[in-house]
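>>> Following is a predicted model, sequence given first.
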Amino acid sequence: MKPSPLHEPLLDEDVLRPTHVEVDLDALEHNLRAIRARVGPSEVMPILKANAYGHGLVPVARRMEALGVPCIGLAFLEEGIRLRRAGVRTPILVLGGVLGDQIPLFLQHDLMLAASSVDKLLLIEQHAAEQGIRARVHLKVDTGMERIGIHWYHADRLLEASLRCAHVDVVGIFSHLAQSDERDPSFTRLQLERFEEVLSFYEKRSLPTPTRHLANSGAILGHPTTWLDQVRPGLILYGVWPSDLRVDLDLRPALRWVSRVVYFKVVEPGAGVSYGSTWAPERQTRIVTIPVGYGDGYPRSLSNRGQVLIRGKRYPIVGRVCMDQIMVDIGWDSAWNGDEVVLLGTDEHGHRISTEEIADWAGTIPWEILTNINTRVQRVTRG
Ligand SMILES: *Cc1c(COP(=O)(O)O)cnc(C)c1O
């Protein structure tokens, strides 16, 4: 039965929502170039997991491809399949752990995967042999993160096994740093030493060393000895600093999260605002409501803590953050329905609320703020 025209949507519902995220692809390009200039001749493998840290996987990947990156790093198989379906041809490495039944999908979509144990390597070899093709893998060595990867003190077993796999090309070898953004460099140095010890396997046998990569954002900023052949920036690619350590690198935040005033009211002294009535004004005040909440990934911990920008001024969130709404005290200032509200990013007057600042208010890290902005919030890309 043909649906009646009455049931067809008249408007794209995404366009109706006043709350959205704007992503500046030129800022990402700028950051990639800045990182390249810093680490050269090491190459840059941008990390696009978790919806490109909330920035939108496909448009960010397309821009990175246009910039000729050697490889895109992801966390999960399904992210890689999404990029292949979107027509992205650049090599892709899925950094995370792999389950046996996923291996055929990696091979089918030409995705590189992490061989993180001898068992997993042999499974990959078996699947590739069955299909009569060659799998491209990066060996994953654990040098102190105690997450996935073969321990550095057993890594020879994995490297040796890989030499006997006729259907596996070892394209890269990598490890991950646990403390690269901390002030004390000693654990990062120890992890690098352990990794170098593992890598000496190739030199001892006069074999070519696969592409070596180790450095995340913290290490790109603070530990040049870890840059090796490629670096893997996530957070700094998006223009956000991993800690309060600053170096001479011009990073541009690429994301703006905005909404609009949807309601205005005057609240009397003592009248509690929002769930639990945790806040009430001492004198008559003006309260505006913004249609965004923890159901969008705006942290509930910003209740009575966060701030937003309206008409070039910062105002406090009062009362609890709701699932779909927040209330803001504008004192005796003016604001109208439809006024832009900046939750994160820069307003038209050049005032800014940074991801780092929101993370501080929320008692968490900037990574979590960005990756929690969920799919209910539409992404609009510029540049
Ligand atoms: C997420 C991730 C990165 C990027 O980390 P940032 O600190 O955001 O730069 C690099 N390598 C691996 C293995 C990762 O999982």
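Cool, got the structure. The model shown is predicted, which means the values in this text are computed figures rather than measured ones. Numbers count the residues shown, from 1 in each chain.
>>> can we go C-alpha only for contacts and neighbour counts from here?
Will do.
>>> Now for residue 178, how many residues are close by?
Residues lying near residue 178 (other CA atoms under 10 Å) number 17.
>>> quick one, what contacts it?
Taking CA atoms under 8 Å, 6 or more residues apart in numbering, we find residue 178 in contact with 144-145, 187-188.
>>> Out of these, which end up buried?
144, 188 (16 or more other CA atoms under 10 Å).
>>> List just the nearest of the contacts of residue 178 to the ligand.
residue 145 (10.3 Å; CA to the nearest ligand atom).
>>> Retrieve the pLDDT associated with that closest one.
Each residue has a pLDDT score; the one for residue 145 is 98.
>>> Tell me which stretches of the stretch 201-350 of the chain form helices.
Taking DSSP state H, counting those that start in this stretch as the test, the helices found in the stretch 201-350 of the chain are 217-222.
>>> ah, wrong one, I meant the stretch 1-150 of the chain
13-16, 25-39, 49-53, 57-66, 77-85, 103-108, 118-131.
>>> beta partners for the residue nearest to residue 112 when sequence neighbours are not counted?
Excluding the flanking residues, the one nearest residue 112 by CA to CA, 6 or more residues apart in numbering is residue 93, at 4.6 Å. Beta bridges link residue 93 to residue 73, residue 112 when assigned by DSSP bridges.
>>> if we can go back for a sec, and residue 315, which of the helices of the stretch 1-150 of the chain is closest to it?
Residue 315 lies closest to helix 13-16 among the helices of the stretch 1-150 of the chain, at 25.4 Å (CA to CA).
>>> and the helices of the stretch 1-150 of the chain, which one is worst for confidence?
Lowest mean pLDDT of the helices of the stretch 1-150 of the chain: helix 13-16, a mean of 62.
>>> returning to that earlier point: would you convert the contacts of residue 178 into a markdown table that also reports distance to the ligand?
Shown next, in a markdown table, are the contacts of residue 178 (distance: CA to the nearest ligand atom, whole Å):
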| residue | distance to the ligand |
| --- | --- |
| 144 | 13 |
| 145 | 10 |
| 187 | 16 |
| 188 | 13 |
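>>> can you list the residues of the stretch 151-300 of the chain near the ligand?
Residues of the stretch 151-300 of the chain found near the ligand (CA under 6 Å from any ligand atom) are 176, 216-217, 232-235.
>>> Would you pull up the residue in the stretch 251-383 of the chain closest to the ligand?
Closest point on the stretch 251-383 of the chain to the ligand, by CA to the nearest ligand atom, is residue 367, at 6.9 Å.
>>> is it true that that residue lies in a helix?
Yes: counting by DSSP: H, G, I helix; E, B strand; the rest coil, residue 367 falls inside a helix.
>>> contacting residues around it?
Residue 367 is in contact with 53, 235, counting by CA under 8 Å, 6+ apart.
>>> could you measure it against residue 241, distance?
Noted for residue 367: a distance of 10 Å to residue 241, by CA to CA, to the nearest Å.
>>> Now do the contacts for the nearest residue to residue 340 once chain neighbours are set aside.
Spatially, and ignoring its direct neighbours in sequence, residue 340 is nearest to residue 260 (4.5 Å; CA to CA, 6+ apart). Residue 260 is in contact with 18-19, 290-291, 337-341, counting by CA under 8 Å, 6+ apart.
>>> Would you mind giving me the confidence score for residue 260?
97.
>>> try the one 3 residues further on
Per-residue confidence at residue 263 stands at 98 (pLDDT).
>>> Is it bridged to anything, and to what?
Bridge pairing for residue 263 - DSSP bridges - gives residue 289.
>>> in terms of contact, does it touch residue 286 like I think?
No: using CA atoms under 8 Å, residue 263 is not in contact with residue 286, being 10.5 Å away.
>>> ok, these two, which is more surrounded?
Remark: of residue 263 and residue 286, residue 286 carries more neighbours, 19 against 15, as counted by other CA under 10 Å.
>>> how far away is that one from residue 337?
Distance from residue 286 to residue 337, by CA to CA: 13 Å.
>>> With residue 376 instead?
22 Å.
>>> before we move on, what about residue 273?
Taken as CA to CA, the span from residue 273 to residue 337 is 19 Å.
>>> And the two? Which one has more around it.
Using other CA under 10 Å as the criterion, residue 273 and residue 337 rank with residue 273 on top: 18 against 13.
>>> Beta-bridge partners for the more buried one, please?
residue 279.
>>> 56 is where my numbering starts, stick with that
Sure, I'll start numbering at 56, so the last one becomes residue 328.
>>> Contacts only, for it.
Residue 328 neighbours (CA under 8 Å, 6+ apart): 334-335, 373-375, 382.
>>> Residue 111 too?
residue 434.
>>> try residue 206
Going by CA under 8 Å, 6+ apart, the list of residues near residue 206 reads 196-199.
>>> same thing but at 7 Å, please
196-198 (CA atoms under 7 Å, 6 or more residues apart in numbering).
>>> got it, and residue 268?
Residue 268 neighbours (CA under 7 Å, 6+ apart): 228-230, 283-286.
>>> picking up where we left off before, for the ligand, find the nearest of the helices of the stretch 56-205 of the chain.
helix 104-108 (7.0 Å).
>>> Show me what that closest one is packed up against.
helix 421-427 (3 or more CA pairs under 7 Å, 6 or more residues apart in numbering; DSSP states H and E).
>>> No further queries at this time; thank you.
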